[in-house]
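S.K.: Starting from these lines, generate the structure:
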Amino acid sequence: MVQYFSQRANDQFYQQKLPAYLAKLDPLRAPKIPANSYALFVSETAQQHPELKFAELAKFSSSKWKGMGETEKKTWVVKSENLQQLYQKNLESFIKKLPPAPAV
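M.R.: A predicted model of the protein is given here:
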């Protein structure tokens, strides 16, 4: 079975035609939903502490988030709101690019 997939990977379709096909589909991909303020905080905490494993990172970041005041959380909330506004703009432009639905 591994031979089949390795042969298919070397096939002309997978080497030449598939990337071109995916490039045509790329403009029609919907924008990703942005992360919320807590997810942004955890992401930055993970970058600051790469030595932490996933479970340790979850415990560390959740306890730190719970201990933060509203003013400290405000920076993450503002970042999240900015990403949400950008997402809304991108979503509107994406919807405009969609082809009309076929008539039934």
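S.K.: helix, strand or coil for residue 33?
M.R.: coil (DSSP: H, G, I helix; E, B strand; the rest coil).
S.K.: In contact with it: list those residues for me.
M.R.: Going by Cβ atoms under 8 Å, 6 or more residues apart in numbering, residue 33 touches residue 87. Just so you know, the C-beta spots here come from the backbone N, C-alpha and C atoms, and that holds for glycine as well.
S.K.: ditto for residue 32
M.R.: Here residue 32 is in contact with residue 87 (Cβ under 8 Å, 6+ apart).
S.K.: That one and residue 87, how far apart?
M.R.: 8 Å (Cβ to Cβ, to the nearest Å).
S.K.: cool, residue 30 as well?
M.R.: From residue 30 to residue 87 the distance is 10 Å (Cβ to Cβ).
S.K.: what about these two, which has more around it?
M.R.: residue 87 (14 against 10; other Cβ atoms under 10 Å).
S.K.: buried sites along the helix or strand hosting residue 44?
M.R.: Counting by DSSP states H and E, the element that carries residue 44 is helix 37-48. For helix 37-48, burial by neighbour count (16 or more other Cβ atoms under 10 Å) applies to 37, 40-42, 45.
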